[in-house]
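**Q** I'd like to go over a predicted model; first the sequence, then the structure.
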Amino acid sequence: MKRTQLIYLIGRLYEWFMIAFFISILFSFRITVSISLISMLVLALIHYPLRERKWWNREFLNFFNVGCFLYFIVQGLALFYTHNTKAGLFIQQVNLGLIAIPVAVFYSRLVGRDNYGMLMKWYIRILFTASVIALVHACQLYIQTGNTNYFFYHTLVYVYSGHAIQYSILVFIGILFLIGENKTHENIKSRKWVRFLLIYFSFFLFLLTSKMVIALFLLYIIFLIIFTNELFRKRSHRMWALAVILTAVTIIFTTNSPLRKRVSEEMQSNISFIEKDEFSPADYFNGIEFRLVSWRFAYEILNENHAWLFGVNPGDAQDKLNAKYRKLNMFTGGLPDNRKGYLNFHTHNQFLQALLESGIPGLAAFMLICAGMIQLAKKSGNRSMIVLTILLLCYCFADAVLKTQYGVILFIFFPLFTFRGSEGGHAAA
């Protein structure tokens, strides 16, 4: 087989494994996520020297990729002094994505402007199929029980990951692509089809009721309506659309909607409540309260263990948090529908989690990743990449994104993939 033919074959195989990767993410096939990612990594390592006739890609050394490798190394070194080796090894297994994803996506130019639109078109198809199945599943449960909660938040996507915020980000990524398609029509030729999908995914996004994602979505849409013509060409149409959005938001927050309930719950947060010397198992913490009490516990753990410099290590961090939950008499499960309570809840803040687990080196490495993401977004000049970066950085304050395989994929894969498909990346030959 000729060299050019082999390069072409590798490119096509890579695209099919990328599509399999999208299916695995959106349908939560965890085993095939790893298989498809490893396959893309191997193809990237073969493709680059074959195409460029050299082994080392100097472009690979940027703040984002270097930060990923440093974070992996810092976390790995902690295995030498951890007490809970099993937990430490599991965390480092998740951290393998910090190495595998940059190599698979960035090392070779297998993703670029030439095929990014085609791959995202497949992503939209898979996302649409998965969301329809989730709605059908919710309808079946509603018919059986009469409970409308199956149409909202975690229960809506329980058939897959069950993590509504992460799934909201996946939906928002699709919306960002469709907004660009509405203007350019490069990959989806029918404007009506694009607008239908925009409306449909926007509706699905509201059902998932992630406050953070919906807030950024609304701000971005309002920005587009007021300052651009990417959604509506005529000014009168833009004003009507803005009026419809404001009316819909007013209805949502003046009726007994799930989103209003979640926002109202957060607004009723009692900051002084987290300062108690002892809690009761009956005490309930909303999102803000739990995150604030996590800051308190992390501060106390780092002080008690004199661990500000190197942290308490990833393997032991959760054990020390669990000890805090027990010591302060928080709810630790025992009910048929909630066996563990707050046990095994991490800090829900990646900056805080990095500091707790790996001290200043871990926090510095993670902040390098964040700085690298900002650098890539700036270099790309792509608005979708910039908005995605803002969303993911905000998400770091709401969740410890690098604690799970799906969190690593959201935070590492999609910025690199979007960058490669933007003005900052160039298509593979």
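**A** Received, thanks. Numbering: from 1, shown residues only.

**Q** buried ones in the helix or strand containing residue 47?
**A** When elements are assigned from DSSP states H and E, residue 47 belongs to helix 30-52. Using 16 or more other Cβ atoms under 10 Å as the test for burial, helix 30-52 gives 32-34, 36-37, 39-44, 46-48, 51. Glycine gets a C-beta too; all of them are placed from N, C-alpha and C.

**Q** In contact with the closest residue in space to residue 20 that isn't next to it in sequence, which residues?
**A** Nearest in space to residue 20, with sequence neighbours left out and distances taken as Cβ to Cβ, 6 or more residues apart in numbering, is residue 36 at 4.4 Å. Residue 36 is in contact with 17, 18, 20, 21, 24, counting by Cβ atoms under 8 Å, 6 or more residues apart in numbering.

**Q** quick one: contacts of the host helix or strand of residue 12?
**A** Using DSSP H and E, residue 12 sits within helix 3-26. Contact partners of helix 3-26, identified using Cβ under 8 Å, 6+ apart, comprise 1, 29-30, 32-33, 35-37, 39-40, 43-44, 46-47, 50-51, 110-111, 115, 118-119, 122-123, 126-127, 130, 160, 170, 406, 409, 428-429.

**Q** one more time with 7 Å
**A** Outside of helix 3-26, the residues within contact range by Cβ atoms under 7 Å, 6 or more residues apart in numbering are 29, 32-33, 36-37, 39-40, 43, 46-47, 50-51, 110, 115, 119, 122-123, 126-127, 130, 170, 409, 428-429.

**Q** Quick check: mean pLDDT of that helix?
**A** Along helix 3-26, the predicted confidence averages to a pLDDT of 94.

**Q** orientation of it relative to helix 30-52 in degrees?
**A** On the basis of axes from the mean of the first three to the mean of the last three Cα atoms, to 10 degrees, helix 3-26 is oriented at 160 degrees to helix 30-52.

**Q** which of the residues in helix 3-26 are buried?
**A** For helix 3-26, by 16+ other Cβ under 10 Å, it's 7, 10-11, 13-15, 17-26.

**Q** Over to stretch 181-201?
**A** Per 16+ other Cβ under 10 Å, stretch 181-201 contains these buried residues: 181, 182, 187, 188, 194, 197, 198, 200, 201.

**Q** Taking these together, which two end up most distant?
**A** 187 and 200 (17.5 Å; Cβ to Cβ).

**Q** Check which residues of the helix or strand where residue 297 lies are buried.
**A** Assigned by DSSP H and E, residue 297 belongs to helix 287-304. By neighbour count with 16+ other Cβ under 10 Å, helix 287-304 contains the buried residues 288, 289, 290, 291, 292, 293, 294, 297, 298, 301, 302.

**Q** Could you list every helix and strand in contact with it?
**A** Helices and strands touching helix 287-304, by 3 or more Cβ pairs under 7 Å, 6 or more residues apart in numbering; DSSP states H and E, are helix 314-327, helix 350-380.

**Q** Now do the longest one against helix 287-304: the angle between them, please.
**A** Read that as helix 350-380. 110 degrees.

**Q** likewise the first one?
**A** Angle, helix 314-327 to helix 287-304, by the same axes, to 10 degrees: 110 degrees.

**Q** And helix 314-327, what does it pack against?
**A** Checking 3+ Cβ pairs under 7 Å, 6+ apart, helix 314-327 ends up next to helix 85-95, helix 287-304, helix 350-380.

**Q** Likewise for the longest one?
**A** Under the contact criterion of 3+ Cβ pairs under 7 Å, 6+ apart, the helices and strands touching helix 350-380 comprise helix 63-77, helix 287-304, helix 314-327, helix 383-395, helix 414-420.

**Q** Just checking, which helix or strand succeeds the fourth one along the chain?
**A** Following the chain from helix 383-395 toward its C-terminal end, the next helix or strand by DSSP H and E is helix 405-408.

**Q** Alpha carbons only: can I get that next one in CSV?
**A** Output in CSV follows, covering the C-alpha atoms of helix 405-408 (Å, rounded to 0.1, in the frame of the first residue of the first chain):
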residue,chain,number,x,y,z
GLN,A,405,-14.1,9.9,33.2
TYR,A,406,-16.9,11.9,31.7
GLY,A,407,-15.7,15.1,33.5
VAL,A,408,-12.3,14.6,32.0
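
**Q** Please name every helix or strand in contact with that helix.
**A** Looks like helix 405-408 contacts helix 97-102 (3+ Cβ pairs under 7 Å, 6+ apart).

**Q** mind checking the longest helix of the chain?
**A** In the chain, taking DSSP state H as the definition, the longest helix is helix 113-145.

**Q** mind listing what's buried in the following helix or strand past that one?
**A** Next helix or strand after helix 113-145 toward the C-terminus (DSSP H and E): helix 153-156. By 16+ other Cβ under 10 Å, the buried positions in helix 153-156 come out as 153, 155, 156.

**Q** What is the burial count for the residue nearest to the second one when sequence neighbours are not counted?
**A** Read it as residue 155. Once flanking residues are discounted, residue 155 sits nearest to residue 149: 5.8 Å by Cβ to Cβ, 6+ apart. The tally of other residues near residue 149 (other Cβ atoms under 10 Å) stands at 14.

**Q** Equivalent analysis for residue 148, please.
**A** Here the count is done by other Cβ under 10 Å, and residue 148 has 10 residues near it.

**Q** Give me the below-cutoff pLDDT ranges for the stretch 301-429 of the chain.
**A** Scanning the stretch 301-429 of the chain for pLDDT under 70 picks out 423-429.
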